[in-house]
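[1] Here's my sequence, what's the structure:
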Amino acid sequence: MLRLNRITDYAIVVLAQMAREPERLVTAPQLAHDSAVPTPTVAKVLKDLAREGVLASERGAHGGYRLARAPAEITVLEIIRALEGPVSLTACVDGTEGLCDVESLCPMRGNWDRVNSAIRAALANVSLADMAVSALRFDAPPRAAQPAVS
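    Numbering: from 1, shown residues only. Sure thing, here's the model as predicted:
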């Protein structure tokens, strides 16, 4: 199963919260309250994302974090890379050598490169703005109101 780390999942939740007011300077406790993610986790996510350039930070008594760019310009691929490193399904891709005893004989190596490229392209085509859209947009059409029971 391909699965993101819990920290990355929490980061998307926190970033989606920030995307609602992208210019707002926020602190870890404020975001923890707004997103229901524990404060220590939010603090770690903010620090890691700032180090990787996804967020901008301001120090001082009135400091905090804000998005480094518009939500539409931040991709899910960028967020995952910032927290988990390169996105790939296998270790033998993208020119990596020496990690497999049979890599010189492996008929799948080039095929995995294609699969990994497709996954990265898909993740690069989803922005933080897309992720921050209300879940209602992706749900089935709203159901008709149910008649009141007398």
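[2] Point out where the chain drops to low pLDDT.
    Along the chain, the model assigns pLDDT under 70 to residues 1-2, 91-104, 109, 134-150.
[3] Check which residues of the lengthiest helix in the chain are buried.
    The single longest helix within the chain, with elements called by DSSP state H, is helix 109-124. By neighbour count on 16 or more other CB atoms under 10 Å, the buried set for helix 109-124 is 109, 112-113, 116, 120, 123. For the C-beta atoms, the positions are set from N, CA and C on the backbone; glycine is no exception.
[4] so which of these comes closest to Glu52?
    Leu123 (15.3 Å; CB to CB).
[5] what about the closest one, distance to Arg81?
    Leu123 sits at a distance of 9 Å from Arg81 (criterion: CB to CB, to the nearest Å).
[6] cool, Ile7 as well?
    Separation of Ile7 from Arg81 (CB to CB) stands at 13 Å.
[7] Between the two, which is the more surrounded one?
    Arg81 (17 against 14; other CB atoms under 10 Å).
[8] Ignoring the adjacent residues along the chain, who's closest to that one?
    Closest residue to Arg81 apart from its sequence neighbours, by CB to CB, 6 or more residues apart in numbering: Val87 at 6.5 Å.
[9] which parts of stretch 34-53 are buried?
    Applying 16+ other CB under 10 Å to stretch 34-53 flags 34-35, 37, 41-46, 48-50 as buried.
[10] again, but for stretch 27-35
    Of the residues in stretch 27-35, 27-28, 30-32, 34-35 count as buried by neighbour count, 16+ other CB under 10 Å.
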